[in-house]
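# Pasting the sequence and the predicted model now:
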Amino acid sequence: MAALSLVSNAAAPPARASTPQEALDRLRAGNDNWVRGRARRPDASLPRREELARRQEPVAVVFTCIDSRVPPELVFDQGLGDLLVVRTAAHTHDSLVAGSLEYGPAELATRLLVVLGHQRCGAVSAAVQAFRSGDAPPGHLADVTEDLRPAYEEALGQGPAPEQLIEATVRAQTRQTVTRLRTDRLLRPLLAAGALEIVGGYYSLDTGAVAISR
Ligand SMILES: [Zn+2]
């Protein structure tokens, strides 16, 4: 079976996504495979690797957390050359990260950018604890925490139950990141022209499912 699937991947590499909707459909289909335990692990063949050696046409940019349980290629069942992945703790971001996020849409005509938050995010959990206790984390962990303050304050303003505050902060961080990226100087014209869509997502560690919000 493994050999058969390699042959089929080599014979028909997936066409690039020419619209944001096509890209989103591909990621949704891949995540559905992942959820059902039927991941195909595509685009890992030797011919595909050779084909990609001199060019790339990734389907989407995924901006997500460093968490070891949220690897985008597995979660969306994509392979070599399919995703541009940018990962920082709780997808916090600064101008260097913004440049990496701009690269696909601006230089490679990538049509979709997914900002993916996730369940039980350790970085968000640590930040919420730090805000509550007033004790700043050591080293540059404090920078990560500080970047999460606006999301924490938005979540707090919604008056969630205490046990829901961390998840509410994760979701606020995703919303705020999407909003911020939609005003990005390079990305905004692409959005206006329909050549790019930026969506938020929430990954459930329990089920493997990604819920997309537009
Ligand atoms: Zn995380």
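On my side now, so go ahead.
# which residues of this structure fall in helices?
For the chain, the helices defined by DSSP state H cover 2-11, 20-35, 46-52, 72-75, 95-107, 122-133, 141-147, 149-157, 165-182, 187-192.
# Can you give the contact residues for the last one?
To tie it back to what came earlier, the one meant is helix 187-192. Residues outside helix 187-192 that contact it (CB atoms under 8 Å, 6 or more residues apart in numbering): 101-102, 105-106, 113, 181-182, 196-198. Every residue, glycine included, has its C-beta placed from N, CA and C.
# I'd like to know which of those are buried.
Buried subset of the contacts of helix 187-192 (neighbour count, 16 or more other CB atoms under 10 Å): 101-102, 105-106, 113, 181, 196-198.
# what does the protein have sitting close to the ion?
65, 67, 121, 123 (CB under 5 Å from the ion).
# Which members of these are the farthest-apart pair?
D67 and A123 (7.9 Å; CB to CB).
# more neighbours, these two?
Set D67 next to A123 and count neighbours by other CB atoms under 10 Å: A123 wins out with 23 against 18.
# Now for the more buried one: which residues touch it?
Applying CB under 8 Å, 6+ apart, the residues contacting A123 are 65-67, 89-90, 92, 144, 148.
# can you rerun that using 7 Å?
Going by CB atoms under 7 Å, 6 or more residues apart in numbering, A123 touches 65, 89-90, 144.
# Tell me, how many residues neighbour T64?
24.
# who's it bridged to?
Beta-bridge partners recorded for T64 (DSSP bridges): R87, L116.
# lowest-confidence helix or strand of the chain?
Ranked by mean pLDDT, DSSP states H and E, the weakest helix or strand in the chain is helix 2-11, scoring a mean of 40.
# What about the contacts of A123, which one has the most neighbours?
A90 (28 neighbours).
# coming back round to it: now the contacts of helix 187-192 as JSON lines including pLDDT and distance to R214?
Putting those into JSON lines (pLDDT from 0 to 100; distance: CB to CB, whole Å) gives the following:
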{"residue": "L101", "pLDDT": "98", "distance to R214": "18"}
{"residue": "E102", "pLDDT": "98", "distance to R214": "20"}
{"residue": "P105", "pLDDT": "98", "distance to R214": "17"}
{"residue": "A106", "pLDDT": "97", "distance to R214": "21"}
{"residue": "L113", "pLDDT": "98", "distance to R214": "12"}
{"residue": "L181", "pLDDT": "98", "distance to R214": "13"}
{"residue": "R182", "pLDDT": "98", "distance to R214": "11"}
{"residue": "L196", "pLDDT": "98", "distance to R214": "13"}
{"residue": "E197", "pLDDT": "98", "distance to R214": "7"}
{"residue": "I198", "pLDDT": "98", "distance to R214": "9"}
